[in-house]
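K.L.:
Just need the structure, nothing else, for what follows:
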Amino acid sequence: MKIKNTVVALASLFIALSANASVTYDENGVGFVGKGDIQSLFDWNNSQLQENAGALQFRFISEGTITWKCERYTGDKLTKTTYPSTSTSVDAGATLDSRKNKKGMITGFNLEGMDINSNPEYANVGECSGPGQGQSQGQTWVLVEGSIQYVGSESPLLQVMFAPAAESGLTPSEWMDLPITE
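P.N.:
Numbering: from 1, shown residues only. Sure thing, here's the model as predicted:
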């Protein structure tokens, strides 16, 4: 009888823990983070989550290299080909909206995409007027259609940080990983 009670207790604990795990998002940063995942990560009860939710910051990180092909023509004649590239270390803020129930209590966070801020060598991926390029004697660089390629992380990693206002006296956290729920 004692073994049966232990098995039932362990099964109940597993179900309770897995019910809280709800982190899903796609490669565009659209998805959802359940409040239970945040509470577990920061060891908060529900009232602490409600109080501190406004000081949470989410971000996506990823690393890779984007390359593309540019060609320069004089009239109809190809005169030069170049392969610009930019290393990306995406550190993108997550655009989000707190999901609330009818009582106004936060039940999770809807991720609405990435807010990418980067400083690559080229202003835009696929741009053919970076360093050493541009117009010269009527010659213009053009992007070769279909040449943009990315090599790197397949999907970004989602992280969260507690960043309270300085005057609150609370200690900010480090960035912590939020793995996708399988």
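K.L.:
C-alpha only now, for contacts and for neighbours.
P.N.:
Will do.
K.L.:
quick one: residue 50 is in a strand?
P.N.:
No: membership of residue 50 in a strand is not supported by DSSP: H, G, I helix; E, B strand; the rest coil, which gives helix.
K.L.:
Need the phi and psi values for the closest residue to it other than its chain neighbours.
P.N.:
With Cα to Cα, 6 or more residues apart in numbering as the criterion, residue 50 has its nearest non-adjacent residue at 6.3 Å, and that residue is residue 106. Reported as degrees, to the nearest 10, the phi and psi values for residue 106 are phi -70, psi 130.
K.L.:
ok, how many other residues are close to residue 106?
P.N.:
A total of 19 residues lie near residue 106 under the criterion other Cα atoms under 10 Å.
K.L.:
Check residue 151 too.
P.N.:
Count around residue 151 with other Cα under 10 Å applied: 12.
K.L.:
And whichever strand or helix holds it, what's buried?
P.N.:
Element membership for residue 151, per DSSP states H and E: strand 149-152. Of the residues in strand 149-152, those buried under the neighbour-count criterion (16 or more other Cα atoms under 10 Å) are residue 150.
K.L.:
Report all helices and strands that that strand contacts.
P.N.:
Packing partners of strand 149-152 (3 or more Cα pairs under 8 Å, 6 or more residues apart in numbering; DSSP states H and E): strand 56-67.
K.L.:
Mind listing what's buried along the strand it packs on?
P.N.:
57, 58, 59, 60, 61, 62, 63, 66, 67.
K.L.:
Other residues contacting the very next helix or strand once past that strand?
P.N.:
From strand 56-67 onward toward the C-terminus, using DSSP H and E, the following helix or strand is strand 70-74. The contact list for strand 70-74 (Cα atoms under 8 Å, 6 or more residues apart in numbering) reads 78-84, 128, 138-144.
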